[in-house]
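S.K.: need coordinates for the below:
(one chain, ligands or ions: 1)
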Amino acid sequence: MSTAEKHETPAAPPGRSEVEVAIVGAGLAGTVLAITLAKAGRKVALVDPHRVHHDEFRAEKTRAEQMALFEKLGLGQVFRSLVTPMTEIDIFRFGQLFEHKQASEFAFSYAPLVNGMRAALPPQAPLTVGKVAEVSTGPDRQRVVLADGSVIDARLLVVATGYSEAVRRAIGVERVEESKAHSLTMGFDLAISPRDFGPTSIAYYGKRIADRVAYLTVFRIGERIRANMFLYRTVADPWVRTFRENPQRMLLELMPEIAARCGNFALASEVEVRQVSLTTTQGHRRDGVVFIGDAFATTCPAQGDGINRVLTDVDCLSSTHIPAWLETPGMAADKISAFYDDPVKVGADARALRVSIYAKRINTETGLEWRLRRLRNNTARQLMILGRKISHREELPTASAA
Ligand SMILES: Cc1cc2nc3c(=O)[nH]c(=O)nc-3n(C[C@H](O)[C@H](O)[C@H](O)COP(=O)(O)OP(=O)(O)OC[C@H]3O[C@@H](n4cnc5c(N)ncnc54)[C@H](O)[C@@H]3O)c2cc1C
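M.R.: All right, here's what the predicted structure looks like:
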């Protein structure tokens with residue numbers, strides 16, 4: 001070999017890339033992180049086995065706080081183009097209209113949301129479609145080998161593979177079930193036109209403890225009227241099978257007060273059912289790798305905190321930790337731990353877990369403590385209804401005098 005040849009940098013073999021951050025999993029968490037990092041000038045690789053995220057029943061609604069996070073991450077406009085905004089909601093408690101209020105909610109189907117975000121990936125951070133065959137992590141360099149033999153070398157590996165266990169298992173982390181089969185979410189379309197349904201969404205809270213229903217929410221996604229019902233049952237419960245066989249009859253029995261608003265609960269789709277457990281992760285403080293979104297923890301959809309956790313993880317990493325980690329050599333576990341100890345992340349995760357557990361207990365527990373808590377909450381709500389009725393009556397003469 002000539003001296004000139006010896007000093008030549010060998011051309012990178014095909015299928016080998018060198019990035020600052022390799023992200024495995026292009027769901028909401030992985031995709032939004034890839035966009036934010038790439039826009040900040042970071043060299044990023046994003047890997048997922050599927051070019052197009054498949055249709056699946058997942059998050060379908062989020063609120064103003066999450067919109068604020070999308071805005072903060074520079075994705076407010078993209079998010080707005082993918083969702084149906086709602087500004088008013090009727091809340092039913094005790095089988096009656098409890099409150100009509102201004103709301104700021106955004107509805108979407110999950111796959112179009114993820115695919116719409118993927119479409120916003122900048123050209124310098126394209127999606128690599130591939131199956132991860134091998135992962136190795138360490139205090140300095142991380143390596144991801146795909147099934148086709150291509151190799152991604154990175155300073156940091158981010159695992160954003162949602163519920164999937166393959167990559168997590170390969171790295172050696174463990175899911176801890178905080179509450180197995182914690183809740184059940186059902187999703188279905190109602191056979192009522194948006195014109196007949198009107199602009200106001202509905203939230204209907206369960207009336208009886210025995211029903212084990214947290215609430216039903218009905219809202220518009222484009223031209224569809226969609227319902228999400230959150231329950232504390234398992235998929236194996238015969239009640240669930242009966243519901244799937246005749247949802248209209250069961251809904252009419254459960255919540256007749258809103259039947260007229262919902263086209264008498266005639267359904268325009270199958271009932272989709274998803275069981276969710278509350279989980280956290282153990283053994284994640286490791287050299288070179290960080291776990292985010294549902295790959296780190298899962299909470300109850302009824303509380304709507306999933307997307308909040310995803311965006312909080314992305315925001316903490318992209319605005320604070322990853323820039324700091326890349327500034328200094330190495331990627332040891334003590335550096336990575338700063339993310340898991342970040343009070344903003346810890347607060348978002350803890351809140352999601354706490355409210356998930358509280359909501360189930362307040363809706364299902366029959367012990368004295370919980371009966372007293374329900375009595376206190378319900379008395380306060382009944383007093384609010386009474387107060388409103390009295391002030392409405394007092395306003396009437398004034399209104400007619402005017
Ligand atoms: C029924 C249901 C209703 C919900 N409702 C709400 C709600 O109303 N509001 C709310 O805020 N949250 C809700 N959630 C929670 C919310 O959907 C999740 O928290 C959020 O979608 C998690 O996003 P993620 O990016 O972490 O995971 P995902 O979106 O699951 O993304 C994981 C990605 O990893 C990829 N992947 C998997 N394995 C591999 C692999 N080996 N290699 C590479 N890539 C891989 C997958 O293809 C996927 O693209 C709900 C959840 C469920 C189940």
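
S.K.: ok, and the closest non-adjacent residue to the residue in the stretch 1-150 of the chain positioned nearest to the ligand?
M.R.: Sorted by distance to the ligand under CB to the nearest ligand atom, the residues of the stretch 1-150 of the chain start with residue 27, at 1.8 Å. All C-beta spots, glycine's among them, are computed from the backbone N, C-alpha and C. In space, residue 27 comes closest to residue 162 once its chain neighbours are excluded; the distance is 5.1 Å by CB to CB, 6 or more residues apart in numbering.

S.K.: wait, what's in contact with that neighbour?
M.R.: Counting by CB atoms under 8 Å, 6 or more residues apart in numbering, residue 162 makes contact with 25, 27, 29, 293-295.

S.K.: what's residue 91 sitting at in phi/psi?
M.R.: phi -110, psi 130 (degrees, to the nearest 10).

S.K.: looks like it contacts residue 98 (just checking).
M.R.: Yes. In this structure, residue 91 is within contact of residue 98 by CB atoms under 8 Å, at 5.0 Å.

S.K.: look up the closest residue to the residue of the stretch 301-402 of the chain at minimum distance from the ligand, ignoring the ones flanking it.
M.R.: Closest to the ligand within the stretch 301-402 of the chain is residue 306: 2.4 Å, counting by CB to the nearest ligand atom. Among residues not flanking residue 306 along the chain, residue 59 sits closest, at 5.5 Å (CB to CB, 6+ apart).

S.K.: who's in contact with the one you found?
M.R.: 28, 108, 110, 113, 301, 304, 306-307.

S.K.: rerun at 6 Å
M.R.: Counting by CB atoms under 6 Å, 6 or more residues apart in numbering, residue 59 makes contact with 110, 306-307.

S.K.: make a ChimeraX selection of the buried ones in those residues.
M.R.: Command for ChimeraX, covering only those of these found buried under the criterion 16 or more other CB atoms under 10 Å:
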select :110,306,307
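
S.K.: confidence-wise, which of the contacts of residue 59 comes last?
M.R.: Least confident by pLDDT among these: that is residue 306, with 93.

S.K.: and the gap between it and residue 29?
M.R.: Distance of residue 306 to residue 29, computed by CB to CB, to the nearest Å: 10 Å.

S.K.: that older thread, next step: the contacts of residue 59 restricted to helices.
M.R.: Of the contacts of residue 59, the ones assigned to helices by DSSP state H are 110, 306-307.

S.K.: where exactly do the strands run in the stretch 1-150 of the chain?
M.R.: Counting by DSSP state E, counting those that start in this stretch, the segments of the stretch 1-150 of the chain that form strands are 16-24, 44-48, 61-63, 84-93, 96-107, 127-129, 132-136, 142-146.

S.K.: residue numbers of the stretch 51-200 of the chain in contact with the ligand?
M.R.: Counting by CB under 6 Å from any ligand atom, the stretch 51-200 of the chain comes close to the ligand at 53, 57-62, 132, 160-164, 166-167, 185.

S.K.: out of those, which is most surrounded?
M.R.: The most crowded member of those, judged by other CB atoms under 10 Å, is residue 160 (31 neighbours).

S.K.: thought it was touching residue 25?
M.R.: Yes. Taking contacts as CB atoms under 6 Å, residue 160 lies within contact range of residue 25: 3.7 Å.

S.K.: what is the neighbour count of residue 169?
M.R.: Neighbour tally, residue 169, other CB under 10 Å: 11.

S.K.: pick the most buried one from the strands of the stretch 1-150 of the chain.
M.R.: Ranked by mean neighbour count under mean count of other CB atoms under 10 Å, the strands of the stretch 1-150 of the chain are led by strand 44-48, which reaches a mean of 25.

S.K.: out of the strands of the stretch 1-150 of the chain, nearest to residue 203?
M.R.: Minimum separation from residue 203 across those (CB to CB) falls at strand 84-93, 4.9 Å.

S.K.: pull the longest strand from this protein.
M.R.: strand 174-190 (DSSP state E).

S.K.: mind listing what's buried along that strand?
M.R.: Going by neighbour count (16+ other CB under 10 Å), the buried part of strand 174-190 is 175, 178-179, 181-190.

S.K.: pLDDT (mean, whole number) over that strand?
M.R.: Mean pLDDT, strand 174-190: 96.

S.K.: gap between it and the chain center?
M.R.: Its chain's average C-alpha position is 12 Å from that of strand 174-190, according to CA atoms, centre = their mean, to the nearest Å.

S.K.: now do the strands in the stretch 151-300 of the chain.
M.R.: Using DSSP E, counting those that start in this stretch, the strands of the stretch 151-300 of the chain run over 151-159, 174-190, 200-205, 213-221, 224-231, 272-282, 289-291.

S.K.: most neighbours per residue, which of these?
M.R.: Highest mean neighbour count of those: strand 289-291, a mean of 27 (counted as mean count of other CB under 10 Å).

S.K.: can you tell if that one touches the ligand?
M.R.: No. Counting by CB under 6 Å from any ligand atom, the ligand is not contacted by strand 289-291; separation bottoms out at 9.6 Å.

S.K.: what is that strand packed up against?
M.R.: Under the contact criterion of 3 or more CB pairs under 6 Å, 6 or more residues apart in numbering; DSSP states H and E, strand 289-291 touches strand 151-159.
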